[in-house]
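In: would you be able to build a 3D model of this:
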Amino acid sequence: MEALLKASEASALMGLSVRHVQRMAKSGELPYQTHMNERNRPEYLFPLSSLPDAAQQKYFARSEERFSRNAETDLV
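Out: Modelled structure (predicted):
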């Protein structure tokens, strides 16, 4: 299963505003899925593979960093 990122997460990885990422989705520049959140409002979800390569590399670097931090904590 592929990771789906919220607009805020995708925008942080790409260095853009949330609103700009949402506009890119609406214009068709960026593939997305909609999901109704707990407040019954549409939420944009972006497949990780649809983001630029640099953003994907940042995502994996952050994931690896979190994993290594958790592994160190488990050893203590």
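In: phi and psi next, for P42.
Out: Main-chain dihedrals, P42, degrees, to the nearest 10: phi -70, psi 140.
In: what is the burial count for it?
Out: If you count neighbours by other C-beta atoms under 10 Å, P42 ends up with 9. Using the backbone N, CA and C atoms, a C-beta is placed for each residue, glycine as well.
In: and it, how far is that from E65?
Out: With distances taken as C-beta to C-beta, to the nearest Å, P42 is found 31 Å from E65.
In: where are the low-confidence patches of this structure?
Out: Judged by pLDDT under 70, the chain has its weakly predicted residues at 67, 69-76.
In: which residue ranges of it form strands?
Out: 4-6, 33-36, 42-47 (DSSP state E).
In: direction included, what does the last one pair up with?
Out: This means strand 42-47. According to DSSP bridges, strand 42-47 forms sheet pairs with strand 4-6 (antiparallel), strand 33-36 (antiparallel).
In: ok now the first one, how far from the chain's centre?
Out: What that stands for is strand 4-6. Strand 4-6 has its C-alpha centroid displaced from the chain centroid by 4 Å (C-alpha atoms, centre = their mean, to the nearest Å).
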